[in-house]
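J.: next input, structure requested:
(2 chains)
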Amino acid sequence: MASNKKYWKNEAELNPNDSIVETLKQNEFVQEIPVDEFLGDKETLSETSTNRRDFLKYVGFSTAAASLAACEGPVIKSIPYVVQPENIVPGVANYYATTIADGFDFASILVKTREGRPIKIENNNEARVAGSGNARVQASVLSLYDSKRLQGPVTNGEPTEWSTLDAAVKAKLGSLKNSGKQIALLTQTYASPSTTRLISEFKAVFGNVNHVTYDAVSEDAALSAFEAKYGERALADYDFSKANVIVSFGADILGDWQGGGYDAGYSKGRVPKNGKMSKHVQFEANMSLAGANADKRVPLTPSQQMIALAKLYAKLNGTSAGGELPENVEKAIESTAQLIRKDMSGSVVVSGIDDVNVQTVVLAINEMLGSKAFDAKSPRYTRQGNSAALSELISSMKSGSVGALIMDGVNPMYTLPNAADFKDGLGNVDLSVVFSTNWNETTEVTQYTAASNHYLESWGDAQLKKGHYSLMQPTITELFDTRQFQAALLNWMGSDKSYYDFIKETWSASVLAGSDWGRALQAGVFVPADAISEITSDEGDPVISIVTTTDKEVGVEGLEGEEEVASVSIAAAVQSLASANMAGMELQLYTKTGMGDGQQAGNPWLQEFPDPITRVSWDNYVTVSKADAAKLGFVNENVANGGLDGSYAKLTVNGVSVNNVPVIIQPGQAAGSVGLSFGYGKKVGLKSEMQTGVNAYPLYQDLKNVQSVTIEKAAGNHEFACVQLHNTLMGRGDIIKETTLEIFNTKDHAEWNHVPQVSLDHNEVPATSVDLWDSFDRSIGHHFNLSIDLNACTGCGACVIACHAENNVPVVGKEEVRKSRDMHWLRIDRYYSSEETFEEDNIKKEEFDGLSGDKGSLGGFGELEHPTANPQVAFQPVMCQHCNHAPCETVCPVAATSHSRQGQNHMAYNRCVGTRYCANNCPYKVRRFNWFLYNNNDEFDYHMNNDLGKMVVNPDVNVRSRGVMEKCSMCIQMTQKSILDAKRDGRPVKDDEFQTACSAACSSGAMVFGDVNDHESEVSKLKESDRMYHLLEHVGTKPNVFYHVKVRNTNEA
Amino acid sequence: MYLTKISCQDSESNLINMKKVHYRNQFSRVFSISAVIFLLFSLSLFAQEEGVSGGDAVKGKQLFNQNCAACHALDRKMTGPALAKVTARLAEDEGLDKEWLYSWIKNSPGMISSGDAYANKVYAEFNQAAMTAFPTLSNEDIDHILAYTDAEPATPVPAASGASGEVVSQGGTGGISNEVILGALALVFGLLVVMLLLVNKTLQRIAVANGVELVEEKAKRLPLWKAFVKNQFLVLVSVILLLLSGAYFAYGYFMQVGVDQGYAPIQPIHFSHKIHAGDNKIECKYCHSSARVSKTSGIPSLNVCMNCHKSIYEYKGNPEGPSKDDLANGYTNEFYTAQIKELYKAVGWDEDNQKYTGESKPVKWVRVHNLPDFAYFNHSQHVTVAGVECQTCHGPIEEMEIVEQFSPLTMGWCINCHRETNVKVEGNDYYAKIHEELSKKYGVEKLTAAQMGGLECGKCHY
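T.: Presented below is the predicted three-dimensional model:
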């Protein structure tokens, strides 16, 4: 029945004359549709003669034309070489050994090139020291193809010619020769014998030359302490594989401490062998990689660390030191001292505090212990920066006594805390030249910018450690009109030698001692024969080393009597440490694994690299302890769109402020301290996407990494791009299985590596023995497995970048990462314990009883979500587990993902239609979906949208398109290549030939890849280990990736 | 190895010069004429040569082609100087006798180092490329060679050129004839139709004029099409048939989208695989060397071309003479020689001075075989490991004047082959273990690529 009822929308309709009602009746849309925003302005629209019908015609015609055109294949041109270089075969990779020495990172590496393009960095296994690259070194190949690189020399902002620049510089240098004004060279640390010789020759030519070495992140204290004791400006070397007890006071020995590269040795000692592993005690303020891996971690502010160190020294020395520390810390120091006393020569003490006294005491302790891990005889040269010389240089620049300033590898306007002083000084310098690969803060204010080579385009050499030489060779000709510093210096000196010849001269005169240059260049590293014999004897006979250590102990006692002066100075140092105290909050400045000192800030791989500890990418932030955050009102919260938000803070040091620093509440941060990382906040010469974070260098006053800071809350919320929002395991001990060394040694593996049970025919049986599917026979041919040892993995992330480079993984940008659309095929999960240990978490969960109450699960699970103030930390690299019974394969409607008999789970991108069922059904959440076309797309202005950046792409791996699922392939292109090489040579594959990008990049030996059907292979032996377990065994997926139970050495003295 | 090949080829091509007059239609006539001319001509040469150098020019030619032709020509500079009338030239210009030549040929480096003036001059003139010493040649051999070089250069035989002219014209008519005949036939038919119509019209006019009534035979029956339309069953069947056949053709059409079988693009330089791989039997992998070790077969770089084309500067025809089709397409000797000059231009080779100018212009070849990016194919796997002939996939390349895509390069085509082809396991230690185990499992002696896992997606898609 029709009704006459009228429905009112509004009270106003009661009034028939209401103008609003009338207008609304006429207008369908209350607000005018902003047509001009997406179509064009109204005027042009009304003027156009195209009507709707025409428009439809055009659309129809162009659609038809486009589809017709799509039926015809494009004409593809192929341009061969005119003269093909002898050693290049198209389609076959060449490897060159070279060295990275950018002033911050030093490593001997191999560079993989394809058709003359460097595309990947690999570890140089022939190198005895620093033969493996960290995440930054792995990523450095992309910096070569930075589209923002300088393409030629620049004068006062205008492009110029080298000849003009040369003429100007030569004229000026010539006029300065006898003028009394100095010529200053301000450079990075080279650790290069040839550059040292070159600079001394430069000095000889021009006379008044002052060479100042400047490290952005200074190790001045350690260098000075070493110099005072051993008479050489260098850093003591440590071999942590020889240490049974490692005690660190604020030294991130797995990060960038004293140049880094200690993780390989460290990991060797961390894998339990014959019931033994090293014990690592860490006293630190910020949660660092070393602290996360330590067996015992004591959060202490830097000044407390000093007191603790003084006390430890006193305890070992049999004296006593003053200073107040909390009781639990006192206890920790006592037990540490006992541990050390048990095994004097097997112990080592290190510190990362920028204080000469601290470093002096540390050296004294290691000498006193006769530590086997401590090596002062052949020290490292990877840091040379001299703070005193630098400040002297700046004051003489200001006074006008510097005639010319030539800089290389440094960016003082960005990295100096007193950049303003430097700029003032620069105004009084007649000639300023800076060598730089990119336009930056310093190039902006200098007269001449000499576009310099990337290290992959340069010749060079380095002595990373006494007696350990390495060579740098170009792997590609200069992409642009650039020149390296040394070549320019030679030119300005009036020499017509090339730097290559110069290096060769240096080497044949003072390095090679008759050995073959070609062989050294091929290997990339060279150790003189006498040094080799020393090394081997050192490693050779343990009996001898024990004898020598006892000798040393006696010697130390004797020394104390003889060299009273030294001991007095040490006593004074200890005294000053014991009385250390700092007003207010203590700021510990540090470098992040991804960004280091910030010279690769334009590298999108590194920007997107999630920090191993906080898992935040595209940002730096101040880390605050939970207690301090509560006091100061800082919050971190997960918001509705799935992102992490945090408060802003204002940090002030000595009147210098940094505003709007995002806050991360960091479990394990020592109360009373905050941390902030260098390397961010760069603005000049970077794409807008890369201008992330805040610059911490202005707070780095006197180049000391500990500062007294005032911190206050600022308005607003910061949006983080954090890839892990769930921080605890919540008692799910089967994800990361853990045990203690004691249990590991004494109990059966069924107890500490428990296989989940299921009920079959009313009997409890191991979950791994039950199978819903018929198993495929994989006993024939290759069957690949990847072993990951959670004890050896330090979480350094080199594998993440290596995977990025090998597999053409796109960079998606901060916005997308925030939406959890990161594309990393390999992630390293980091978990915190909610109770003191993970074991206590497990027990807590086991003991839940009922919903509410003390042991109620309702509140209990809520508590388990939050990490404790000083949690245990565990890292777990997770990539596609290549399940033999893969849940993803069964749900794919188009059979785009399928299994191979070699154990790899295949993904045919061209077949994928993007339903994402597979990702939903994956229990490990390792599948990644291409939400957008990331290549050739200017919305994603990283590296895949320009010709230069595309040069890094691996030609053997697809670049995926939009709407396609992708995931770890277990580097099938690499395994297939190893197989093909063997087939071509007609031989079986050797075990070490099978590698994945991650296992090849892993310097700690945590990742081992191979063929388990080859019973001689390392991985098949690892699979038989008692520590072996699969991730989520109870699901029954039978993965081809397996883990090793993490064993912690909780033994107390 | 290739040096000897070239010299053989050269000796052949000299014969070819004489024989290219052959033509199928007039084979016997031309053959007999040219045979007679050839005989006369060579006899006259013999007579002449004997007198000049005291050597046998025929033997000399053989020796020249074996030993000298890689670097020397009679009438032009190559790696070494032109050698026509070399004895006379040396005697007149430099005052050097045969003795000098003997010692030079037998030990040229020795003479250079001993400081002989002319030896050093020649050495310097030819980019300090030392001439290979030929200690094995006797004085007598050298006499033979010199007899050959001193002989009058062979001018083209008039009869032969006449014959070849004839051939061209004949070939021309042969080519046109088909079209002419067809055209004429069409014309005749057209005329017939017109005539028929005219006759019909005239007859009608006559009939009208004569008052003959033309009975319009209106058919009482329904027209055929109407009957068809009325029969619904027939309509249904034919619609279904139409739809089915339409679908069939549409399917066929869509399935060939992106399949470029038969794709034969025109290349910037006309490179004839027929001449190189067919006539001259050059091994494919001599030029496409990376097929052995790499995923790509590699388009040879121009320096590979120059290995041979430094001395092969003109095309002298193939043994059978240019075929009718070749000539119809304009593939004359001059055409091919022009292509060689194109190569010289691209690689920057100065023919007159036998030097590279350094001004090169890379050739932009059009790629014939295009696999999509998502398919990984490795040549070395197939060529070196499996020992598959290039022709298996690329077809009779040695017969292709213009290369075309022989195989469809579709996935089905790949898979078929992997299903049918046995893996070559003999003598390859890599397969020893896996073959033993697999053959036990499947109970067969031979294993196909598919049984080895060659059908798995990830083997080609990653």
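J.: pop the domain breakdown of chain B in here.
T.: Chain B is divided into the following domains under automatic domain parsing: B:2-155, B:222-257, B:273-409, B:410-462.
J.: could I get those domains as JSON lines with mean neighbour count and mean pLDDT?
T.: Using the backbone N, CA and C atoms, a C-beta is placed for each residue, glycine as well. Output for the domains of chain B, formatted as JSON lines (neighbours: other Cβ atoms under 10 Å in any protein chain shown; pLDDT from 0 to 100):
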{"stretch": "domain B:2-155", "mean neighbour count": "16", "mean pLDDT": "67"}
{"stretch": "domain B:222-257", "mean neighbour count": "10", "mean pLDDT": "90"}
{"stretch": "domain B:273-409", "mean neighbour count": "17", "mean pLDDT": "88"}
{"stretch": "domain B:410-462", "mean neighbour count": "16", "mean pLDDT": "87"}
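J.: switch those domains over to JSON lines; also include distance to residue A:507.
T.: Shown next, in JSON lines, are the domains of chain B (distance: least, Cβ to Cβ, whole Å):
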{"stretch": "domain B:2-155", "distance to residue A:507": "33"}
{"stretch": "domain B:222-257", "distance to residue A:507": "61"}
{"stretch": "domain B:273-409", "distance to residue A:507": "33"}
{"stretch": "domain B:410-462", "distance to residue A:507": "41"}
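J.: quick check, the residue in the stretch 151-300 of chain B closest to chain A?
T.: Per Cβ to the nearest Cβ, residue B:294 is where the stretch 151-300 of chain B lies closest to chain A, at 3.4 Å.
J.: residue A:454 is nearest to which of the domains of chain B?
T.: Nearest to residue A:454 among the domains of chain B is domain B:273-409 (26.2 Å), distances taken as Cβ to Cβ.
J.: any idea how far that closest one is from the chain center?
T.: Centroid separation for domain B:273-409 versus its chain: 8 Å, with Cα atoms, centre = their mean, to the nearest Å.
J.: residues contacting the residue of the stretch 151-300 of chain B closest to chain A?
T.: Applying Cβ atoms under 8 Å, 6 or more residues apart in numbering or on different chains to residue B:294 gives the contacts A:89, A:90, A:91, A:92, B:378, B:379, B:380.
J.: who wins for proximity to residue A:587 among the domains of chain B?
T.: domain B:410-462 (47.8 Å).
J.: show the end-to-end separation of that closest one, please.
T.: 17 Å (Cα to Cα, to the nearest Å).
J.: can it be said to contact chain A?
T.: Yes - against chain A, domain B:410-462 shows contacts by Cβ under 8 Å from any Cβ of the partner chain at B:427-434, B:437-438, B:441, B:452-453, B:456-459, B:461-462.
J.: how close does whatever residue of the stretch 301-450 of chain B ends up closest to chain A sit to residue B:365?
T.: Closest contact between the stretch 301-450 of chain B and chain A, by Cβ to the nearest Cβ, is at residue B:301 (3.7 Å). Distance from residue B:301 to residue B:365, counting by Cβ to Cβ, to the nearest Å: 11 Å.
J.: excluding sequence neighbours, find me the nearest residue to the residue of the stretch 51-200 of chain B found nearest chain A.
T.: In the stretch 51-200 of chain B, the residue that lies nearest chain A is residue B:127 (16.9 Å; Cβ to the nearest Cβ). Leaving aside its sequence neighbours, residue B:127 sits nearest to residue B:355 (Cβ to Cβ, 6 or more residues apart in numbering or on different chains; 7.2 Å).
J.: these two touch, right, the one you found and residue B:125?
T.: No - with contact defined as Cβ atoms under 8 Å, residue B:355 does not count as touching residue B:125 (11.7 Å).
J.: so the closest residue to chain B within chain A, which of the three states?
T.: Of all residues in chain A, residue A:906 sits closest to chain B, at 3.0 Å by Cβ to the nearest Cβ. Here residue A:906 is recorded as strand under DSSP: H, G, I helix; E, B strand; the rest coil.
J.: now for it: which residues touch it?
T.: Contacts of residue A:906 by Cβ under 8 Å, 6+ apart are A:897, A:898, A:899, A:900, A:969, A:972, B:456, B:457, B:458, B:461, B:462.
J.: same check, this time on residue A:792
T.: Residue A:792 touches A:267, A:270, A:271, A:1004, A:1005, A:1006, counting by Cβ under 8 Å, 6+ apart.
J.: confidence score at the third one?
T.: When you say that, I think you mean residue A:271. Residue A:271 carries a pLDDT value of 93.
J.: can you report how many residues lie near it?
T.: Residue A:271 sits with 18 neighbouring residues when counted by other Cβ atoms under 10 Å in any protein chain shown.
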